[in-house]
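Q: Give me the fold of what follows.
(chains A and B)
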Amino acid sequence: MQTATMLAGVQDYSQTQTEPGWLTKLRTQAVADYATLALPVFEKINYRSWPLLDVQAPEVTANPGLTEELSARGRETNFFSVGDTTVRVKLPADAADQGVILCDLRTAIRKHGDLVKANLFTQALKPDADKLTALNAALMTNGFFLYVPANAVVKEPLEILQLVDQRRPQNFVQHNLVVTAPNSQVEIVQRLGSVGTSDAIVHMVVEVVAGANSHVSFAGIDNLAANTTAYLNRRGNLSPDAHLNWELAEMNAGQVIADFDTELRGRGSEANVKTIAVANQQQTQGIDTRVTNYGPNSVANIVQRGVILDAATLIFNGIGHIVHGAHGSKADQENRLLMLSSAARGDANPILLIDENDVEAGHAASVGRVDEQQMYYLRSRGIPEPVAQRLVIRGFLAGVVTELRSPRLRKSLMSLIERRLADDND
Amino acid sequence: MSTLVIKDLKVSVTENEEERLILKGVNLTLNTGETHAIMGPNGTGKSTLSETIMGNPAYHVVSGSVTLDGEDLLSQTVDQRARAGLFLAMQYPAEIKGVTNVEFLRAAINARRAKDDPISVTDFLADLDHNLELLNMTPEMAERYLNEGFSGGEKKRNEILQLLMIKPKFAILDEIDSGLDIDALQVVAKGVNALASPDFGTLMITHYQRLLNYIVPDYVHVMMGGRIVKTGDADLANKLEAEGYAGLRDELGLNVALTDDE
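A: Coordinates of the predicted model:
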């Protein structure tokens, strides 16, 4: 898209939405940045031929055409959207009583402008980080906004379901923002999926701005359809003593590059990033997971496990970066891939960048095949090969993202994994 | 009654890129209702025999046959052989994290049943509780990941637990006594003896006579140099205990090197 066309489209959209001046300005600058910035580099993944940049300026979308079946998918959620349309927002009474805010981004911009302005593209992520981030800043339409006030403790996990409406070809550019004030506590489950099978280009950003001593668990289950090309970007920014646990399951069927970055800004802050991924058929999923220790005594743990079938490609780049001044901090990571076919391609690259002395850092990585001893043992008890393989894989993924607190979600994730593994037998 | 017949079985393994013949013509017939023991010195091919019957891909059959009730087993996959009625209690059971003992046992039992007729939870649990108690195992062991972090003795008990749950036609116990103290040995023996019936046959592989005090064999076979060189009753084991393998070798006039001679 030409810069001028993009700019006209963006400003037109911003006006239609009656967005505040600061946001129109942010978008305008992002259009200029988009034109000049380079694409982010993902080691060992060449995505230049992907249609990620073929995105049009946003338009206000029509009615999402909710069917009964579609509505049913969002029934038990706290936030449910189809495309840009927010279908349902329902906060548990206990959370609402404590002043928790959950709404879509459009509403937040109108009703909680100061909170959005202070946190959107200001802390966890800058709009000029790279070309794809600038694109998100320029073209984002909607998303969810969650604010947890100081000292609030949300007991039940908040469940977000966002569906890309692929019943017709679709652009999906969304931005989600989570802000947790000091000493608060919240658990979030974000599920990203598709309805329909048309082509779609998906740009999805999540920012988590975690205040001092706030504790945030964020589970992301991404399950986009086959004809999707996606850029997923989840960012965390942690104040002193804040804890952020990411549990991410990449169960997409299309092409995906994902950037999961967390900045440990505050002293004593801690991030645990656990990622599992299953890649099958012809798809490529490339996942960069980075945690940067800025604060002294900060702790970073990355654990990634991936399974590759058919002729798929799965790349894990794990980046642990301890910057100068982060005394007494720790950075640990483990990246493991299991290859189930000779045509599969996989890479697990641990990268440690250490600019301080009194720190602890470690990494482990492996790319392997199914353990023949385990297979022999299981089969010697009469278990057929495909079932035995499923059990070995389940063991391989165990303990990484299967600890979701809600039994319903745990079960749905397990069956999602099983389906992904069975795809090649269809 | 079922019958497992091993005929003139020759088996090699690959060592340093060369094939080495381990079994040089083994003949053995087992009927259900019988308990057999194979004894023999180290390196004589006892484990090769058990792994070959089960179908471990590391062992290559050169010639001969293994049949169960007339059906060829050697052309079947490992899991087919297991479903046909074989069970091998292994010397070194694999550890599998993330899969609990209970899940594994159910998968093994249901692999033998029609897809639309899995074992009922009540029946399964009743049998499991009964067998855990028989083997002095805590219910907590059933919930643990398969063999993960189990001690040597716990792994052996777990092999017998699987045996009791799966109820095969033939069990091959490969050095089930190794690394067990007397108490544990008695428990394991109790488990095996509990299965005694006209529809169940056992083939024990052991170095030592001691196991045979607890699981009394009908037949004792002595294996040396890749062949069964003598078959007798339980007394043969006692004689071996007294005279050692070298004595029997010299009595039979065999030209076989025993590992400990070297």
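Q: what's the burial count for residue 244?
A: Going with chain A. By other CB atoms under 10 Å in any protein chain shown, 25 other residues sit near A:Leu244. In this view, the C-beta of every residue, glycine as well, is placed from N, C-alpha and C.
Q: try chain B instead
A: Per other CB under 10 Å, the neighbour tally for B:Gly244 reads 14.
Q: Look up how far A:Asp371 lies from whichever residue of the stretch 251-400 of chain A sits closest to chain B.
A: Residue nearest to chain B within the stretch 251-400 of chain A (CB to the nearest CB): A:Ala398, separated by 2.6 Å. The spacing between A:Ala398 and A:Asp371, counted by CB to CB, to the nearest Å, is 14 Å.
Q: repeat for B:Ile6
A: Counting by CB to CB, the separation of B:Ile6 from A:Asp371 is 29 Å.
Q: the more surrounded of these two?
A: Taking other CB under 10 Å, B:Ile6 and A:Asp371 do not tie; B:Ile6 has more neighbours (21 against 16).
Q: Point me to the helix or strand that includes the closest residue to the more buried one other than its chain neighbours.
A: Leaving aside its chain neighbours, B:Ile6 sits nearest to B:Leu28 (4.4 Å; criterion: CB to CB, 6 or more residues apart in numbering or on different chains). Applying DSSP states H and E as the criterion places B:Leu28 in strand B:18-31.
Q: Give the other helices and strands that whatever helix or strand A:Arg27 lives in contacts.
A: A:Arg27 belongs to helix A:21-36 when assigned by DSSP H and E. Contacts defined by 3 or more CB pairs under 8 Å, 6 or more residues apart in numbering or on different chains; DSSP states H and E place helix A:21-36 against helix A:3-16, helix A:131-139.
Q: what's the angle between that helix and helix A:131-139?
A: Going by axes from the mean of the first three to the mean of the last three CA atoms, to 10 degrees, helix A:21-36 is angled at 140 degrees with respect to helix A:131-139.
Q: Mind listing what's buried along helix A:21-36?
A: A:23-24, A:26-28, A:30-31, A:33-35 (16 or more other CB atoms under 10 Å in any protein chain shown).
Q: The stretch 151-300 of chain A: strands as residue ranges?
A: Along the stretch 151-300 of chain A, the segments classed as strands by DSSP state E, counting those that start in this stretch run A:158-165, A:170-180, A:185-195, A:200-210, A:215-223, A:228-238, A:243-250, A:255-264, A:270-279, A:284-293, A:299-308.
Q: no, scratch that, I was asking about the stretch 51-200 of chain B
A: B:60-68, B:71-72, B:86-89, B:96-100, B:145-146, B:170-174.
Q: Now tabulate the helices and strands packed on helix A:21-36 in TSV and tack on mean pLDDT and mean neighbour count.
A: TSV is the format used below for those (pLDDT from 0 to 100; neighbours: other CB atoms under 10 Å in any protein chain shown):
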stretch	mean pLDDT	mean neighbour count
helix A:3-16	93	16
helix A:131-139	97	25
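Q: which residues are in contact with stretch A:65-80?
A: A:82, A:86-92, A:102, A:104, A:144, A:158-163, A:167, A:195, A:408 (CB atoms under 8 Å, 6 or more residues apart in numbering or on different chains).
Q: which sections of the chain are below the confidence cut-off?
A: Since no chain was named, I'll use chain A. Filtered on pLDDT under 70, chain A yields the residue ranges A:1, A:61-63, A:399, A:401-405, A:423-426.
Q: Wait, chain B was what I had in mind.
A: Per-residue confidence for chain B (pLDDT under 70) gives these ranges: B:259-262.
Q: re the thing from before, can you show me the CA trace of the helix holding A:Arg27 as PDB?
A: Extracted C-alpha coordinates of helix A:21-36, given in PDB (Å, rounded to 0.1, in the frame of the first residue of the first chain):
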ATOM      1  CA  GLY A  21      -6.200  13.600  18.800                       C
ATOM      2  CA  TRP A  22      -3.300  11.800  20.500                       C
ATOM      3  CA  LEU A  23      -4.300   8.500  18.900                       C
ATOM      4  CA  THR A  24      -4.700  10.000  15.400                       C
ATOM      5  CA  LYS A  25      -1.300  11.500  15.900                       C
ATOM      6  CA  LEU A  26       0.200   8.100  17.000                       C
ATOM      7  CA  ARG A  27      -1.300   6.500  13.900                       C
ATOM      8  CA  THR A  28      -0.100   9.200  11.600                       C
ATOM      9  CA  GLN A  29       3.400   8.900  12.900                       C
ATOM     10  CA  ALA A  30       3.200   5.100  12.600                       C
ATOM     11  CA  VAL A  31       2.300   5.400   8.900                       C
ATOM     12  CA  ALA A  32       5.500   7.400   8.400                       C
ATOM     13  CA  ASP A  33       7.500   4.900  10.400                       C
ATOM     14  CA  TYR A  34       6.000   1.900   8.600                       C
ATOM     15  CA  ALA A  35       7.300   3.300   5.300                       C
ATOM     16  CA  THR A  36      10.900   3.500   6.500                       C
END
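Q: could you check the angle helix A:3-16 makes with it?
A: Using the same axes, to 10 degrees: helix A:21-36 against helix A:3-16 is 160 degrees.
Q: mind checking how far helix A:21-36 is from the chain centre?
A: Between the centre of helix A:21-36 and the centre of its chain there are 24 Å (CA atoms, centre = their mean, to the nearest Å).
Q: quick revisit: mind putting the buried residues of helix A:21-36 in JSON lines, distance to B:Ser63 included?
A: Output for those, formatted as JSON lines (distance: CB to CB, whole Å):
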{"residue": "A:Leu23", "distance to B:Ser63": "81"}
{"residue": "A:Thr24", "distance to B:Ser63": "84"}
{"residue": "A:Leu26", "distance to B:Ser63": "79"}
{"residue": "A:Arg27", "distance to B:Ser63": "79"}
{"residue": "A:Thr28", "distance to B:Ser63": "82"}
{"residue": "A:Ala30", "distance to B:Ser63": "75"}
{"residue": "A:Val31", "distance to B:Ser63": "77"}
{"residue": "A:Asp33", "distance to B:Ser63": "75"}
{"residue": "A:Tyr34", "distance to B:Ser63": "72"}
{"residue": "A:Ala35", "distance to B:Ser63": "75"}
